[in-house]
Each structure stands twice: as C-alpha cells, then as structure tokens.
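J.: Sequence and predicted structure below; questions after.
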Amino acid sequence: MKMKTIIFSSVLLFSITSCSNSADSNKIEEAEVVDIKVETEAVTSVMKSYKDAIQNLTTEGTVELFTEEATVFESGGSEGTYSDYVSHHLGPELDYFESFTFSDYEIEVEIDMPYAFVTETYIYTIVVKPEEGSDEEGREIKQKGVATSDLKNTDGKWKITKTHSSARSANSSH
C-alpha cells in the first residue's frame, strides 16, 4: 500500500509540474515579439525630428517628442524639464541664430523594451546673427558634440525621457 501511495504521489507531482511548465511555455509564446529593426527606426525617427527642428531654428512640434516630465542636461548643468528648457534656454537662444547645422552625424540605438538608449555624435555649426545695424557678418561657432538620450515606449509611441548633451571646440584634438 505504501508503494502505491509513493507511485501515485510521484505521478501526481509529475503531472502538476508538467502542467505548470506547459502554462509557462504558453506565456512565453504569448509574449509580444519585438522587431528590433522597426523599433530602432522609430527611435531614430524621433531623434531626427528633434535634430531637424533645431536645424530649422524652431522648437515647434518638439514638445510631443518628450514625456511631460522629461529632463534636460546640457554642458554640465540641469535645465529642468523639456518645457523649462524650451522656455528659458533653447527657444530664446534660437532667435539669435542665423543658422544651426549638424554634420558628421552618427547615431547608435540600443533597444531594451520598453526603453531605448541613444548616443549621438556630431559637429554642429552655428552662425550667430550680427548685431542689428551692423555691417559685420554673423559669427560662426563650430563645436564637436555628443548627446545621450533615454526614450520610453508607451502605447506604441517612443518619447524622450532624459537627454544630456555636451560639446567642445571642433578644433580640439581630444
């Protein structure tokens, strides 16, 4: 009788374990498959939209690229939320520029759903408008820059949650 109980218990335990493993594998099969190439292209598109706006000397349409609580860090300082950054720094600054162009632009994107991590390297050239009434040409500033940004995919849409950029003279050997 004792042997029958042991065999029955073993069969019962095996059945429960098999069902449990089967349920787990069903969960794995039900998990959403992520197409890394598609997600990388979507993240790259967000970053390109931001870069294009800056090159067009506008912040129009950029607020939608950031989460409401997104934070901005630039050249060693905290600029607050993206809305703060636009209102007290970037927006007014763009008014002083005649042009802002990026060259030697490279982007690396790493997807780890629901997050993406981006590193951009570039050279940017700014031409500052000459003072009103001046016969002088605009002053040119050329910098080598790097930016890192974190994005989050919420409801199928990528948005920047944090960005940090820094720059140094493009003539720097480092």
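T.: Okay, I see it.
J.: buried stuff in the one helix or strand Asp150 maps to?
T.: Per DSSP states H and E: Asp150 is located in strand 139-154. Of the residues in strand 139-154, 143-145, 147, 149-153 count as buried by neighbour count, 16 or more other CB atoms under 10 Å. All C-beta spots, glycine's among them, are computed from the backbone N, C-alpha and C.
J.: likewise stretch 89-101?
T.: Buried residues in stretch 89-101 (16+ other CB under 10 Å): 90, 94, 100.
J.: Kindly report the same for stretch 164-174.
T.: Buried-residue list, stretch 164-174, by 16+ other CB under 10 Å: 164-165, 167.
J.: among the buried residues of stretch 89-101, which are in strands?
T.: If you go by DSSP state E, these have Phe100 in strands.
J.: Mind picking the one among the buried residues of stretch 89-101 that's closest to Ala116?
T.: The closest of the buried residues of stretch 89-101 to Ala116 turns out to be Leu90 (CB to CB; 22.2 Å).
J.: The closest one and Thr59 touch, don't they?
T.: Yes. With contact defined as CB atoms under 8 Å, Leu90 reaches Thr59; the gap is 6.0 Å.
J.: Show me which of the buried residues of strand 139-154 is closest to Glu68.
T.: Nearest member of the buried residues of strand 139-154 to Glu68, counting by CB to CB, is Lys152, at 11.9 Å.
J.: isn't the closest one right up against Val118?
T.: No. Contact status for Lys152 versus Val118: not in contact, 12.0 Å apart, counting by CB under 8 Å.
J.: Tell me how the protein divides into domains.
T.: 1-31, 32-169 (automatic domain parsing).
J.: Name the stretch among those that sits most buried.
T.: domain 32-169 (a mean of 15; mean count of other CB atoms under 10 Å).
J.: For that domain, the averaged confidence score.
T.: Mean pLDDT, domain 32-169: 96.
J.: Would you pull up how far it lies from the middle of the chain?
T.: 9 Å (CA atoms, centre = their mean, to the nearest Å).
J.: any chance you could map the helices in this protein?
T.: For the chain, the helices defined by DSSP state H occupy 2-30, 36-55, 82-85, 91-94.
J.: how close does Lys48 sit to Phe102?
T.: Distance, Lys48 to Phe102, by CB to CB, to the nearest Å: 10 Å.
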